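**Student:** Turn this into a model:
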Amino acid sequence: MRDAVDARTVHLDVIADEVRPELARASRLTESLRLCDSSYHTELDWWTGHFENSDGIPRSSLVSAAESDRVDVGRTFPVSAHDERPAGFGQDQSTVLVMSTDKDTSDDALRCGEALSAVLLECTLAGMVTCTLSHLTELQSSRHLIGTLTGRAATPQLLIRVGQATVLGEVPPMTPRRPLRDVLTFHPNTFG
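**Tutor:** Numbering: from 1, shown residues only. Alright, predicted model coming up:
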């Protein structure tokens with residue numbers, strides 16, 4: 001995956017297992033700082049089932065509270081009322097990657113987004129599942145803590161959980177996708 005990232009503009013680090021509890025603490029810190037942020041929670045609710053047929057995450061794809069508790073590093077989404085899926089999942093065994101840049105400019109965010117695309121494609125090609133985490137870098141306090149965990153004097157831009165999916169039982173439905181015509185347009189003079 002490191003070959004997919006231009007190391008001159010974006011750093012890709014693996015969070016070591018021995019510091020993962022500190023990363024989990026940063027995740028909990030971020031959630032506690034957002035506890036009274038009503039606009040944040042309204043947006044989460046909106047993305048998790050408000051427009052079941054067109055946008056967002058269908059309620060049927062949300063995990064149960066017990067399943068959510070098994071993930072130590074992740075955004076806390078609303079949970080579903082459905083029963084826990086079949087036992088056997090255990091604690092989250094993902095590897096967490098951190099993407100950082102030397103500065104925190106718009107160009108750095110763009111380069112990080114380009115690198116993210118490359119890493120996600122590489123993971124998909126390798127049969128891995130991913131979960132991009134940006135909530136840990138939205139607040140300065142948790143962003144600083146993540147920077148100390150990487151050991152770099154760089155600005156963490158986002159994290160990615162990477163691992164193998166364990167599918168037991170029924171696979172939840174895919175989230176809906178917008179039609180291509182809604183997200184991609186060609187203008188006659190674009191290609192000269």
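
**Student:** Report the mean per-residue pLDDT for the helix ranked longest in the chain.
**Tutor:** In terms of residue count, the longest helix belonging to the chain (DSSP state H) is helix 106-125. Mean per-residue pLDDT for helix 106-125: 93.

**Student:** could you pull out the strands for this structure?
**Tutor:** Remark: strands assigned in the chain by DSSP state E are 11-14, 95-101, 129-133, 155-163.

**Student:** Give me the contacts around the longest one.
**Tutor:** This means strand 155-163. 10, 15, 73-74, 92-104, 108-109, 112, 116, 119-120, 123, 128-134, 136-137, 143, 146-147, 150 (Cβ atoms under 8 Å, 6 or more residues apart in numbering). The C-beta positions use only the backbone N, C-alpha and C, and glycine is treated the same way.

**Student:** circling back to that earlier point, any idea which of the strands of the chain scores lowest on pLDDT?
**Tutor:** Among the strands of the chain, strand 129-133 carries the lowest mean pLDDT (a mean of 88).

**Student:** and it, which residues are buried?
**Tutor:** Buried residues in strand 129-133, counted by 16 or more other Cβ atoms under 10 Å: 130-131, 133.

**Student:** export those residues to TSV and tack on distance to Leu159?
**Tutor:** Listed next are the buried residues of strand 129-133 as TSV, based on distance: Cβ to Cβ, whole Å:
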residue	distance to Leu159
Thr130	11
Cys131	9
Leu133	4
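
**Student:** For Arg34, state which of the residues you listed is nearest.
**Tutor:** Closest approach to Arg34 among the buried residues of strand 129-133 (Cβ to Cβ): Leu133, at 13.7 Å.

**Student:** now that closest one, which residues is it bridged with?
**Tutor:** Leu159 (DSSP bridges).

**Student:** you'd agree it is up against Val73?
**Tutor:** Yes. Assessed by Cβ atoms under 8 Å, Leu133 is found in contact with Val73 at 6.9 Å.
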